[in-house]
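A.B. asks: Build me a structure from this.
(2 chains)
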Amino acid sequence: MAGAAERPLSPHLQIYRPMLTMMMSIVHRITGVALYLGTPLLVAWLLAAASSERAFTFVNGIYGSWIGLLLLVGYSWALIHHALGGIRHFVWDTGAGFGPGPRELFAKLTIGGSIALTAVLWIVIWLVKG
Amino acid sequence: MSATPGSSMRTPRRRVAGLGSARSGTGHFWLQRVTALANLLLILIALPIVIWAAGQEQAQTLAILGHPLVAIVLLLLIFSVCFHMRIGMQVVIEDYVPAEGMKVLALIANTFFTIAVGSAGAFAVLKISFGG
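C.D. replies: As a prediction, the model looks like this:
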């Protein structure tokens, strides 16, 4: 870039040995982008409900299909993972939890918790909605 | 403080403003955290309601979503989520799009997308709630 100051660059990702905390950071960003693209799913449902019976049935048909349900399961997992990752950031914001022990524990809790909570969520949905 | 090469063009005023190359200070960071907290609280209220309303007859869904308290929670959620989405995607764009022209275009597209999604969602909720 012309005129840009020549500042030192930090090493790129491939320099580092992959670590759990680093993967969780990357996944936090990926789930964020996925949720960004997923918000229209909620808006489409609301718009369909507000529009007509036909539109509502159409959207419900898509979300109720196998592909639709798979998409919603993935969407809910991304939401839960991003939420847990966010809570982890709230803890870090207080200045706590940066040590090797806590940060490894947070990483494991984020990935394990997101999978467990997603499973619980869909079991509850299945029990309630049949 | 020694003047390092490349930063010597910075005026003292710019240095004390502390806004850096992104031309904004901690406001961005703070807004990300505040909207994150709002998202968390609102999702915890909205998720059970959405699950309840989903998969029902349309009249039933409209009755649930149209309740003033539900509509207000959904509106707040949509606003908070779209704000959070916009500044989150802004950071991603600033990190991965190096060319200045493309970056500016992507940032504008990001603003358009999030405002469009937010407006559409808010309009739908208001239409349902006002009984149209």
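A.B. asks: Apart from its neighbours in sequence, what residue is nearest the spatially most central residue of chain B?
C.D. replies: Closest to where the C-alpha atoms of chain B average out (Cα atoms, centre = their mean) is B:F83, at 1.7 Å. Residue nearest to B:F83 in three dimensions, not counting chain neighbours: B:T35, with 4.9 Å by Cβ to Cβ, 6 or more residues apart in numbering or on different chains. Placement of C-beta: from N, CA and C, glycine included.
A.B. asks: Could you check the pLDDT of the one you found?
C.D. replies: Note on B:T35: pLDDT of 97.
A.B. asks: Who are the packing partners of the helix or strand harbouring it?
C.D. replies: Per DSSP states H and E: B:T35 is located in helix B:27-53. Applying 3 or more Cβ pairs under 8 Å, 6 or more residues apart in numbering or on different chains; DSSP states H and E, one finds that helix B:27-53 contacts helix A:66-93, helix A:100-129, helix B:58-66, helix B:68-96.
A.B. asks: Please name whichever of those is nearest to B:N39.
C.D. replies: Distance to B:N39, taken as Cβ to Cβ, is lowest for helix B:68-96 among the helices and strands packed on helix B:27-53, at 5.3 Å.
A.B. asks: ok, now which ones touch residue 43?
C.D. replies: Just so you know, I chose chain A. For A:V43, the contact set (Cβ atoms under 8 Å, 6 or more residues apart in numbering or on different chains) comprises B:78, B:117, B:120-121, B:124.
A.B. asks: meant chain B, my bad for not saying
C.D. replies: A:79, A:83, B:77.
A.B. asks: Next: A:N60.
C.D. replies: By Cβ under 8 Å, 6+ apart, the contact set of A:N60 is A:48, B:55.
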